[in-house]
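here's my sequence, what's the structure:
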Amino acid sequence: MAAKLKRPPIARLLVAQSLMLAVVSVLGMLAAGMGGGASALTGSAVALLPNAYFVWRAFRYQGARHTQDIVKGFYRAEAGKFGLTVALFTLVFVAVPPSNPAFFFGAYVATLLVHWLGPWLLRRQSHT
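Just a heads-up that it's a prediction; the model follows:
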């Protein structure tokens, strides 16, 4: 019987990014009203949604037998993430231009910087 492989705890990273979305939205609303909060919310969502897509697509295969599938999956996931990011930026600036671009881009960058917490959030508990 084969041992079950453990997936990396990527959900923690997505939860941290979701918390960042909530925090920057509230801060934007407190600092600049509903327009600032909406700008921060859309900026953070433009960062979060492509990352969630990447996680969904990239970690579908595991194990030595699936090495080629893993590599192809990462390339496809990254290409999809890039395409989705471009599409979301286009959609936001055409359909609902942010009333406060500073909050939009600030929230976008803050949500992306949550990745720096990745090594800490993805660390597995030692059982020794």
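
average pLDDT for the helix or strand residue 37 falls within, rounded please.
Element membership of residue 37 [criterion: DSSP states H and E] is helix 10-58. The average pLDDT for helix 10-58 rounds to 89.

helices or strands up against it?
Taking 3 or more C-beta pairs under 8 Å, 6 or more residues apart in numbering; DSSP states H and E as contact, the helices and strands that helix 10-58 lies on are helix 67-95, helix 101-113, helix 118-121. (Each C-beta comes from the backbone N, C-alpha and C, glycine too.)

of all the ones you listed, which lies closest to residue 46?
Closest approach to residue 46 among the helices and strands packed on helix 10-58 (C-beta to C-beta): helix 67-95, 4.6 Å.

and the angle from that closest one to helix 101-113?
Put simply, helix 67-95 runs at 170 degrees to helix 101-113, going by axes from the mean of the first three to the mean of the last three C-alpha atoms, to 10 degrees.

identify each buried residue in helix 67-95, please.
Neighbour counts using 16 or more other C-beta atoms under 10 Å place 70, 73, 77, 80-81, 84-85, 88, 92 of helix 67-95 among the buried residues.

out of those, which is nearest to residue 40?
Using C-beta to C-beta, residue 92 comes nearest to residue 40 of those, at 12.2 Å.
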